[in-house]
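>>> Got a predicted structure here, sequence first:
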Amino acid sequence: MVFGYVIIALFMLAMSFYLIFRLNHLNKVTDSIMKTDIPSVENGEKLVDSLLEQVRNEKKYLITNDDAFLDLFDKKKREFLDRLKSMEESTNDREKKLFINQIKELHNKYLSMVSKEIVLVGSEEIIPPDSRYEEEMKKTLDQLTESINKLTLALQTGLIRKIELFQKIGYKSAKVSLIIILFAVLFGVIFAYFFTRSVCSPIKILKDATDHIADGDLDYRIEVTANDEIGTLGTAFNQMCNKLKEMDQMKSEFVSNVSHNLKTPLTAIREANDLLLEKIAGPITEPQIKLLTIIKEEAHQLTMMINDLLDISRVEAGLMRYNFQSSDIHDVIRKSMDEIRFLAENKNIHIQCENGDSVPKILLDRDKIAQVMDNLLSNAIKFTLPGGTILIKANVVESHDITQFFREQNRLNNVHSFVKVSISDTGIGIPAECHKKIFDKFQQVNNKGKGGIKGTGLGLSIARHIVLDHGGDIWVESNMGKGSTFYFILPCSYDYALSI
């Protein structure tokens with residue numbers, strides 16, 4: 001940025017110095033025109049008048065022999081010589097000096113001829129007219145006048161050339177200044193473009209990286225290639241990501257350790273509770289049976305939560321193991337429906353599976369996909385009011401028919417068909433801003449007062465990891481008050497399933 005501003009400043013300085021130089025040159029030309037050329041041209045024009053005045057006064061003197069005319073002659077002669085001297089001193093041009101010398105010689109010749117006439121007039125002798133003398137006088141005056149006119153023309157030509165030079169300098173200065181300004185503006189535009197790009201591009205990279213981190217991708221890092229302030233910011237961002245990654249790992253390890261340590265005493269509590277309910281430790285009353293039953297149900301809930309915590313820890317650590325087998329997805333769906341039906345009947349919710357086209361067997365881990373189905377069905381029952389309906393569908397779709405949400409992921413370009421499973425309910429719905437967030441761990445939709453049931457917020461995150469590990473994807477479409485539909489797809493490609 002400093003370099004760019006220095007270049008622009010240099011352009012401006014160059015233009016300023018150039019204009020100052022040209023203006024100084026123009027001032028010199030102007031001074032020369034005003035102080036030398038114009039006065040010289042005026043003197044040249046007045047030389048002819050002065051010469052004519054000399055001739056007239058000389059003629060009058062010769063006719064009248066009046067000394068007044070002789071004095072006027074001398075005055076015009078001095079004026080003539082003074083102007084000629086001034087012109088000689090103000091010029092260095094060789095051609096003009098030649099004209100001036102020629103004028104001097106002719107004028108001196110004219111003066112010598114006039115002097116002879118004056119001497120003869122003073123002697124009062126009668127002199128007959130001499131035609132040769134008159135012709136010589138006339139010739140001398142014509143030559144003198146012609147020389148003065150040539151000198152005046154040369155002076156006028158020089159003046160015109162200087163005026164043309166003045167115009168050329170003005171035009172050239174304006175042209176050069178315009179070129180410098182255009183170059184400065186062009187450089188400023190190019191500099192502004194690349195400067196804006198150099199700032200906006202890293203900021204966009206930082207924004208995209210922030211979006212990745214916000215989406216839970218704590219492994220995303222920025223490639224730092226610059227040593228400027230933006231590069232320092234990128235390095236600080238990567239350090240922040242590393243710290244977040246460490247904190248997330250510490251949290252995951254803490255949760256995993258706590259969950260593992262809770263599982264053993266909780267198992268002992270459940271076993272002891274079962275022994276009490278079986279009356280092995282002795283007879284118990286009906287109120288005690290009710291209390292022990294409540295303890296058993298709550299212990300079961302705690303066990304499910306601990307299992308979820310352990311599952312998410314294994315998923316994040318990459319320790320989740322899969323047993324892929326060729327299976328019919330309808331068998332997995334029916335098994336999950338049978339296990340969840342009791343809960344649905346207790347809430348007066350009708351579960352229905354719609355059998356469409358035949359679905360081929362695909363490679364999957366039955367237990368893990370059953371866990372996905374159990375989680376989605378459990379959520380559907382939790383957030384569907386009594387008297388509602390849950391509809392399950394499974395069919396084969398081509399890659400180009402998959403929802404835009406999945407196509408935006410830009411994955412599985414080598415898979416052409418998928419098994420698509422949908423679970424639709426008539427529940428309370430999910431806000432649009434939560435459609436992606438609910439698949440992050442420990443994320444839940446705040447539906448207090450609308451039938452929402454609080455849990456660990458891990459079920460959908462585990463389901464998403466399982467589906468992604470199978471090479472598929474999972475998403476939701478929902479409107480508040482109009483129910484929700486969860487979709488997940490699994491690839492039909494045998495080769496792809498073997499590679500994961």
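Arrived safely, thanks for sending.
>>> which helix in this structure runs the most residues?
helix 131-214 (DSSP state H).
>>> And the contacts of stretch 367-379?
320, 322-323, 327, 329, 332-333, 335-337, 339-340, 343, 351, 390, 421, 423, 459-460, 462-463, 466-467, 469-470, 474, 486, 488, 490 (Cβ atoms under 8 Å, 6 or more residues apart in numbering). Heads up, the C-betas are built off the backbone N, CA and C, glycines and all.
>>> ok, of the residues you listed, which come out buried?
Buried by 16 or more other Cβ atoms under 10 Å: 320, 329, 332-333, 336-337, 340, 351, 390, 421, 423, 459-460, 462-463, 466-467, 470, 474, 486, 488, 490, out of the contacts of stretch 367-379.
>>> Narrow the residues you listed to those in helices?
Checking those against DSSP H, those in helices are 329, 332-333, 336-337, 340, 459-460, 462-463, 466-467.
>>> from the chain's centre, how far out does stretch 38-54 sit?
From the chain centre to the centre of stretch 38-54 is a distance of 72 Å (Cα atoms, centre = their mean, to the nearest Å).
>>> For it, what does the pLDDT average out to?
In this model, stretch 38-54 has a mean pLDDT of 84.
>>> What lies in contact with that stretch?
72-73, 76-77, 79-80, 83-84, 86-87, 90-91, 103, 107, 141, 144-145, 148-149, 151-152, 155-156, 159.
>>> Report the lowest-confidence entry in the ones in helices among the buried ones among the contacts of stretch 367-379.
Within these, pLDDT is lowest for G459, at 83.
>>> Spatially nearest residue to that residue (excluding sequence neighbours)?
Spatial nearest neighbour of G459, chain neighbours left out: N375 (4.1 Å); criterion: Cβ to Cβ, 6 or more residues apart in numbering.
>>> Assumed the one you found was part of a strand.
No - read with DSSP: H, G, I helix; E, B strand; the rest coil, N375 is helix and lies in no strand.
>>> residues near it, how many?
For N375, the count of nearby residues is 22 (other Cβ atoms under 10 Å).
>>> quick check: mean pLDDT across the longest helix of the chain?
On average, helix 131-214 scores 81.
>>> What's the first helix or strand after it?
Once helix 131-214 ends, the next helix or strand along the chain (criterion: DSSP states H and E) is helix 229-277.
>>> The following helix or strand past that following helix vs helix 459-469, what angle?
With elements assigned by DSSP H and E, the helix or strand that comes after helix 229-277 is helix 286-316. Put simply, helix 286-316 runs at 40 degrees to helix 459-469, going by axes from the mean of the first three to the mean of the last three Cα atoms, to 10 degrees.
>>> Can you show me the strands along the stretch 401-500 of the chain?
Ranges of strands in the stretch 401-500 of the chain, per DSSP state E, counting those that start in this stretch, are 417-425, 473-478, 484-491.
>>> State whether I306 and L266 are indeed in contact, as I suppose.
Yes - here I306 lies in contact with L266, judged by Cβ atoms under 8 Å, at a distance of 6.7 Å.
>>> Looking at the two, which is more packed in?
The neighbour comparison of I306 against L266 (other Cβ under 10 Å) goes to I306, with 20 against 17.
>>> how many other residues sit next to K207?
11.
>>> swap in S131?
Around S131 there are 7 residues (other Cβ under 10 Å).
>>> how near is it to L52?
Noted for S131: a distance of 23 Å to L52, by Cβ to Cβ, to the nearest Å.
>>> What strand or helix carries the nearest residue to T152 once chain neighbours are set aside?
Nearest non-adjacent residue to T152, counting by Cβ to Cβ, 6+ apart: G44, 3.5 Å away. For G44, the enclosing helix or strand under DSSP H and E is helix 38-64.
>>> do the same with N348
With DSSP H and E as the test, N348 turns up in no helix or strand.
>>> That one reaches G387, doesn't it?
Yes - N348 lies in contact with G387 (Cβ under 8 Å); the separation is 5.5 Å.
>>> Could you break the chain into its assigned domains?
2-189, 229-315, 324-499 (automatic domain parsing).
>>> what's the burial count for the nearest residue to K172 once chain neighbours are set aside?
With sequence-adjacent residues excluded and distances taken as Cβ to Cβ, 6+ apart, K172 is closest to R22, at 7.7 Å. Residues lying near R22 (other Cβ under 10 Å) number 17.
>>> And R22, how close does it get to Q167?
Distance from R22 to Q167, by Cβ to Cβ: 13 Å.
>>> Equivalent analysis for G459, please.
88 Å.
>>> do the same with L319
From L319 over to Q167 (counting by Cβ to Cβ), the distance is 89 Å.
>>> cool, A299 as well?
With Cβ to Cβ as the criterion, A299 and Q167 are 105 Å apart.
>>> ditto for I340
98 Å.
>>> just D311 next, same as before
Applying Cβ to Cβ to D311 and Q167 gives a distance of 90 Å.
>>> same check, this time on H212
66 Å.
>>> Between those two, which is the more surrounded one?
Between H212 and Q167, H212 has the larger neighbour count (other Cβ under 10 Å), namely 16 against 10.
>>> what's the more buried one in contact with, if anything?
Y220.
>>> Which strand residues bridge the spatially closest residue to A380 that is not a sequence neighbour?
Nearest non-adjacent residue to A380, counting by Cβ to Cβ, 6+ apart: D425, 4.1 Å away. Counting by DSSP bridges, D425 forms beta bridges with I390.
>>> got a list of what D425 touches?
380, 383-384, 388-391, 483-485.
>>> do that again at 7 Å, thanks
D425 is in contact with 380, 383-384, 388, 390, 483-484, counting by Cβ atoms under 7 Å, 6 or more residues apart in numbering.
>>> ranking those by neighbours, who comes first?
Going by other Cβ under 10 Å, A380 tops the contacts of D425 with 27 neighbours.
>>> quick one: which helix or strand includes it?
helix 366-382.
>>> Over to V396?
With DSSP H and E as the test, V396 turns up in strand 389-398.
>>> Identify each buried residue in that strand, please.
Buried-residue list, strand 389-398, by 16+ other Cβ under 10 Å: 389-396.
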